[in-house]
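Peer 1: next comes the sequence, and after it the predicted model I'd like to discuss.
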Amino acid sequence: MKMLYIASSVFAILMGIGVIVVRMKASKKPTSIKKIILPPVFMSTGAVMFLIPEFRVSSMELLEAVTVGMLFSILLIKTSNFEIRDKDIYLKRSKAFPIILISLLIIRIIGKGMLSDSIDVGELSGMFFILAFSMIVPWRIAMYIKYQKLSREIVN
């Protein structure tokens, strides 16, 4: 069980580093609605895990995961802004974004360590999927709204 916690934590750290690298590269190219909307769509396929009973969560666990995910999304929304360059819309680089992402990752790993003794690993996996999805959806909706606002400025 301890090995699974360590392996999943290492994987989460590598994914976090990957997100930071992708985000830094993304600021060098114009963004699009497709680039904003597709990540949560692709992530939603992970909900198939709930077909397996071991991953299902209680109503209270669902509420907790959604609440924490939405709270975490506020930090991501605050650090995700766009700018117009050469009639294209670019994601602005934020010095705070990597720090916030790493902090959220650390909080998530600590929380997982604390909860892994009292919640079954399958349920905990389900909760963290819900947390991540509840974080990415509001963040991407906010990005979409900001993008649309800037795209109307380009047209005018």
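Peer 2: That came through, no problem.
Peer 1: and residue 120, how many residues sit next to it?
Peer 2: Number of residues near residue 120 (other CB atoms under 10 Å) recorded here: 12. Every C-beta, even on glycine, is put in place using the N, C-alpha and C of the backbone.
Peer 1: who are the contact partners of it?
Peer 2: Applying CB atoms under 8 Å, 6 or more residues apart in numbering to residue 120 gives the contacts residue 54.
Peer 1: cool, and residue 72?
Peer 2: Counting by CB under 8 Å, 6+ apart, residue 72 has contacts 104, 131, 135.
Peer 1: now, the residues you listed that are in helices?
Peer 2: 104, 131, 135 (DSSP state H).
Peer 1: looking at the residues you listed, which one is closest to residue 74?
Peer 2: Closest approach between the ones in helices among the contacts of residue 72 and residue 74, by CB to CB: residue 135, at 9.4 Å.
Peer 1: from residue 117, how far out is that closest one?
Peer 2: For residue 135, the distance to residue 117 equals 24 Å [CB to CB, to the nearest Å].
Peer 1: neighbour count winner among those two?
Peer 2: residue 135 (25 against 7).
Peer 1: how about the more buried one, nearest residue that isn't a chain neighbour?
Peer 2: residue 69 (4.1 Å; CB to CB, 6 or more residues apart in numbering).
Peer 1: dump the residue contacts of the closest residue to residue 44 other than its chain neighbours.
Peer 2: Nearest residue to residue 44, sequence neighbours excluded (CB to CB, 6+ apart): residue 133, at 7.1 Å. By CB under 8 Å, 6+ apart, the residues touching residue 133 are 40, 43-44, 46-47, 69.
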